[in-house]
Every structure is written in C-alpha cells, then in structure tokens.
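>>> Give me a 3D structure for the following:
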Amino acid sequence: MKILLSICIVLMFSIGGWAQQEAQFSQYYNNPYFFNPAAGGLTKTINIDVGYRRQWLGLEGTPQSFYVTGHSEISLNDRDKVLNEFNVDRENIFKSPKKSIGITKHVVGGRMMSDQIGPFQKTSVMGSYAYHLRFSKKTMLSLGMSAGWSSLGIRSDRVVLLDQDDAEYNKFLANNSNQNLFDINAGIALYGERFQAGVSSTQLLKNELVIDEVVTQSQLGRHWFAYGMYKFPIPTTDLAIEPHFMAQIVGKAPVSFNLGARVIYQRRFWANIAYRFNDALNFAAGMNVGQRFRIGYAYDSPMGAVQQATNYVHELQLGMVIGNNRNIEKELQDEEKM
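Modelled structure (predicted):
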C-alpha cells in the first residue's frame, strides 16, 4: 500500500498538473512578487494580493491554486518615509501608484499558497526580505530571498476507496500522510518607472519526497523564472502599451513561455492578450475600483492536443493598495509658513 501511494505521488509530480511543480498564473504581470521575492515593494504603498486559478472546470478533482501575498517597504523610524499618500481625492476608479526610484529601500513580505490536484495538496508559507539599491539615476536593483515551510500530503476526504475499511490505508493516514519541508527561494529584479525585469529560483533545496518513510527517489525540482515588461505611452492619448513575457524552466520538463501585451488606460483600466506557447491563448482584463482595490480576470483558451479536456480555465485576482491618508493638518501648517 505504501509503495502504491508513493508511485501515485511520483506520477502526479512527474506527468500530472505539477509536471512544473510550482503553480503558474496567467496574470503574472500584476504580481511578479508571487514567484520573485525581489519584486515586492516597488511602490511606496502596502500591496496585498489574492489569486485563484481553476483548471478544467466541470471535471472532478481538477487542478486549482490559491495564494495570498503581501509586501511593503519598511522603516524603523518613520512610517511616512516608506508610504506615500495614496488616492487622496478618494477616487472610486483610481490611478495605480507609480514605482519609487532613487532611494535605498528595505522590503519585507510574505506568501501563502495552496496548490491542489485531486486528493494531493501542497501548502506553503514563506516570508521574504529584499534590499533595493540605486543602480543608475533612473533604475533600481533589488536582491531578495524568502524562506519558509511547505507541506505535501493527501486529503483523505477526497480519496475514494473500493474497500472503505482498508487497514493499510487507515494505518498510513494514522502515521501522518504529510511531509513537512523547509525551503528557500531567491531572486533579483531591475526596474524603472516604465519597466521591470527579473530572474528568480524557487525550491532551491531540492528536497526529496518521503511519504510515510518511503523514499520515492523523486525531488521537488528547482524552478527558474525570468520575466520582463516595458510600458510604451502612446503620445497625445491616455493609453499605454505594455509588452511582457515570462519563462518558467524546471529540470527536463518542457519550458513554459508566455508572451503578451496589455493596453492600459489612465493607469486605471487594462486589457491583455497573451500566448503560452504550445498550450493556450489568454484573454484578461482588470481595473482599479473602490478607492483602493484592483480586480483582474483571465480566461485561458487551450490550443494544445488536450484542448477538449482542459477547456474553461479561469483565474481571478483581487488586490488592495494601502498608503498614507492625506495629512490636512500638515498642509495647513505649510500654508501658514508660506
């Protein structure tokens, strides 16, 4: 029984939805911090994001991923030094904050993620730190690292047994069917007011899979991510075009490469079209709403050999931007000094 369970888990990591074991999201351009700890704190605001992706809608036990991230610049002395005033006019459809350039920054953050395929589930919690330094007059270089805990296991409520009184399986669950691991991620990012690019690696420790004392001879593969985006304003309009890409590489698995472009209007609305090579065409749209929230929705239209089975792939992201409130008292004092 133990060997059979181990084989199932190895197959799931080798050829199933976790062939590239780290979850991937189509709207990576909205939150590159998810896979790169150096990509947080680019603006002088606190950023909190929630993402959910569901594949193969309509089929039982299909892959689904969920995450929560948060990151912010920090200061031990003065909160006003790291957070700017944000949306002081209380606009319901607000402009996204611009990146902060030119000053050394210390940024902390965290990520919680749950990735699930059928009865198999991976849960992780990571904390991060990044140091941002001035690279040139108009660019910043960031170095980041995150560390934390991951749990791999089986959800017993999703297992269907031919024999509900299977003694070996019940013993397996009683002996703890989960594996807890410590792991490290690291990344580097270069950014300016109109662009950002970076390289990162996750699962650096390449932990071996051991399920109920059975060594599976399989590892959590080291993943490499490379991404970039550049915003081109269109003269005499409120529009900008932002081409972007992301490559995800792990072991001997095929490279996952995304290429696309967003149209952004007034830093308030955006629409996106992208192509994941040999996999899917992606359509997405989003906006800033409710004075401090942003929302994005993406739909993948499969184009590969298994397009019928993988139809209806949906992804939803919700973000929150927090800055300082308008300091009316300080403004009045400044006026009196003038």
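>>> who does G153 bridge with?
Beta-bridge partners for G153, by DSSP bridges, are Q121.
>>> can you pull out the helices in the stretch 201-338 of the chain?
328-337 (DSSP state H, counting those that start in this stretch).
>>> pLDDT below threshold where in it?
Residue ranges of the stretch 201-338 of the chain with pLDDT under 70: 210-219, 304-311, 326-338.
>>> can you give me the strands in it?
Ranges of strands in the stretch 201-338 of the chain, per DSSP state E, counting those that start in this stretch, are 208-211, 214-219, 223-230, 232-233, 239-250, 256-265, 269-276, 280-289, 293-302, 313-322.
>>> Between those strands, which one is closest to S200.
Nearest of the strands of the stretch 201-338 of the chain to S200, taken as C-beta to C-beta: strand 223-230 at 4.8 Å. Heads up, the C-betas are built off the backbone N, CA and C, glycines and all.
>>> Was I right to think V108 contacts S128?
Yes - using C-beta atoms under 8 Å, V108 is in contact with S128, at 6.7 Å.
>>> Comparing these two, which shows the higher neighbour count?
Higher neighbour count among V108 and S128: S128, with 26 against 17, using other C-beta atoms under 10 Å.
>>> Check the offset of whichever strand or helix holds that one from the chain's centre.
Here S128 is covered by strand 120-136, with elements defined by DSSP states H and E. Strand 120-136 sits 10 Å away from the centroid of its parent chain (C-alpha atoms, centre = their mean, to the nearest Å).
>>> Now that strand: average pLDDT?
Taken as a whole, strand 120-136 has a mean pLDDT of 93.
>>> Convert that strand to CSV, retaining C-alpha atoms only.
Extracted as CSV, the C-alpha positions of strand 120-136 are listed here (Å, rounded to 0.1, in the frame of the first residue of the first chain):
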residue,chain,number,x,y,z
PHE,A,120,-2.9,15.6,-3.5
GLN,A,121,-2.2,19.0,-2.0
LYS,A,122,0.8,21.3,-1.4
THR,A,123,0.6,24.1,1.1
SER,A,124,3.4,26.6,1.7
VAL,A,125,4.1,29.7,3.8
MET,A,126,7.1,31.9,3.1
GLY,A,127,8.5,35.1,4.5
SER,A,128,10.8,37.4,2.4
TYR,A,129,13.3,40.2,2.7
ALA,A,130,14.7,42.3,-0.2
TYR,A,131,17.2,45.1,-0.4
HIS,A,132,16.7,47.7,-3.2
LEU,A,133,19.6,49.9,-4.1
ARG,A,134,20.1,52.6,-6.7
PHE,A,135,21.6,51.1,-9.9
SER,A,136,21.6,54.3,-12.0
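>>> Show me what counts as buried in it.
120-124, 126, 128-130, 132 (16 or more other C-beta atoms under 10 Å).
>>> Which of those residues sits closest to V82?
Among those, H132 lies closest to V82 (C-beta to C-beta), at 11.3 Å.
>>> Please name the residues that touch that closest one.
41, 104-107, 140-142 (C-beta atoms under 8 Å, 6 or more residues apart in numbering).
>>> List only buried entries from those residues.
Taking 16+ other C-beta under 10 Å as the criterion, what is buried in those is 41, 105, 107, 140, 142.
>>> who's the fourth one bridged to?
Put plainly, it is M140. Beta-bridge pairing for M140 (DSSP bridges): R134, Y191.
>>> okay, now Q317: neighbour count?
Other residues near Q317 number 23, with proximity taken as other C-beta under 10 Å.
>>> quick revisit: identify the contacts common to V108 and S128.
Counting by C-beta under 8 Å, 6+ apart, the residues touching both V108 and S128 are H71.
>>> ok now do the spatially closest residue to Q203 that is not a sequence neighbour, which residues does it touch?
Nearest residue to Q203, sequence neighbours excluded (C-beta to C-beta, 6 or more residues apart in numbering): L220, at 4.6 Å. If a contact means C-beta under 8 Å, 6+ apart, then L220 has 13, 21, 150, 181, 183, 203, 205-207, 209 as its contacts.
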